[in-house]
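Student: dropping a prediction and its sequence here:
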Amino acid sequence: MFGGIDIGSRTVKVVVMENGEVRDFQVRNSGHDPYTQAFELIKAYKPKRLVATGYGRHALELALAHRVITEIKAHAIGARRLYPNCRTVIDVGGQDSKVISLSEHGKVIDFKMNDRCAAGTGRFLEIMAKTLGFSIEEFGKEALSAQESVKINSMCTVFAESEVISLISRRMPLLSIALGVHEAIADRISSLACRVDVLSDVVFTGGVAKNPCVHKLLEDRLRQRILVPQYPEIVGALGAAIEAETILT
């Protein structure tokens, strides 16, 4: 059994594989101590070989992982396994967003990344959802039902939160504000995507891919059908597990 683990800013994901097939996976909140969560998950499976990815990957390299790979490579491998014709990966996680361009053979040829602020990330969505009184699970669905949107001018999380609070105090419709928030995020991600060649098939990974409003708005802006895996949040861990299984001994 071989394992891949993705230690992200919001969640820890593990995928275990055997004979080229996924045998199991788990997703846990990172909490205040993501490394303890990671160790517990690894201990439960005891993989023969483990590859780590995500922002916390190097901490595991010294302890348990046999190799570490970047999130860029992990998501490229994982997306390509799920969709063999994938040429573009849009990955939006808790604290960063990235767009990865792949060759026809699946090799990374270019990428752009936003990791300097929370704009256009899951964290931004979480804060805006809480400010507007929505659960993160229902936020996107509710935003899609809005008849019109209210423009959000700031993408700085602190200023955007203040802007949203101001809009609420002016009794602007909550659904319209919610749609405006999603449009601002989609604009940020699509702007990032336009800096690389966006070729079909386009695959959307990371936890934010489960948000139906962001998904639809990105399709509209990029004028592309965008594929979303059944479990988009584990694609990086899947790529790491595939890497673990294919390492030559």
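Tutor: In hand now; what should we look at? Numbers count the residues shown, from 1 in each chain.
Student: phi, psi for the most far-flung residue of the chain relative to its centre please.
Tutor: Distance from the C-alpha centroid of the chain, by Cα atoms, centre = their mean, peaks at R170 (33.3 Å). Torsion angles at R170 (phi, psi; degrees, to the nearest 10) stand at phi -90, psi 10.
Student: next, the contact list for E161, please.
Tutor: I127, M128, T131 (Cβ atoms under 8 Å, 6 or more residues apart in numbering). Where you see a C-beta, it was placed from the backbone N, CA and C, and this is true even at glycine.
Student: looking at these, which are in helices?
Tutor: Judged by DSSP state H, the contacts of E161 include I127, M128, T131 as members of helices.
Student: wait, doesn't the last one sit right on I165?
Tutor: What it means is T131. Yes. Using Cβ atoms under 8 Å, T131 makes contact with I165 at a distance of 6.5 Å.
Student: V89 bridge partners, please.
Tutor: Beta-bridge pairing for V89 (DSSP bridges): I100, V203.
Student: what's the local residue count around it?
Tutor: Around V89 there are 28 other residues, counting by other Cβ atoms under 10 Å.
Student: returning to what we had before: which of the ones in helices among the contacts of E161 has the most neighbours?
Tutor: Most surrounded of the ones in helices among the contacts of E161: other Cβ under 10 Å gives M128, at 25 neighbours.
Student: may I have stretch 19-28 as CSV, with CA atoms only?
Tutor: Presented in CSV, the C-alpha positions along stretch 19-28 are these (Å, rounded to 0.1, in the frame of the first residue of the first chain):
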residue,chain,number,x,y,z
ASN,A,19,-2.1,-2.0,-7.5
GLY,A,20,-2.9,1.4,-9.2
GLU,A,21,-6.3,1.8,-7.5
VAL,A,22,-7.4,4.1,-4.7
ARG,A,23,-8.2,2.0,-1.7
ASP,A,24,-9.3,4.7,0.8
PHE,A,25,-9.0,8.4,1.5
GLN,A,26,-9.7,10.7,4.4
VAL,A,27,-10.0,14.5,4.9
ARG,A,28,-9.6,16.1,8.3
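Student: tell me how far E245 lies from G3.
Tutor: Distance of E245 to G3, computed by Cβ to Cβ, to the nearest Å: 9 Å.
Student: and if you look at G206?
Tutor: With the distance defined as Cβ to Cβ, G206 ends up 20 Å from G3.
Student: where does this protein dip in pLDDT?
Tutor: Residue ranges of the chain with pLDDT under 70: 61-63, 115-116, 248-249.
Student: for the residue nearest the centre of the chain, what are its contacts?
Tutor: Closest residue to the average C-alpha location of the chain: G206 at 2.1 Å, with Cα atoms, centre = their mean. Neighbouring residues of G206 by Cβ under 8 Å, 6+ apart: H75, D91, V92, G93, S97, G122, P232, E233, V235, G236.
Student: rerun at 6 Å
Tutor: Counting by Cβ atoms under 6 Å, 6 or more residues apart in numbering, G206 makes contact with D91, V92, G93.
Student: go ahead and confirm the last one touches D6.
Tutor: When you say that, I think you mean G93. No. Judged on Cβ atoms under 6 Å, G93 makes no contact with D6 at a distance of 9.1 Å.
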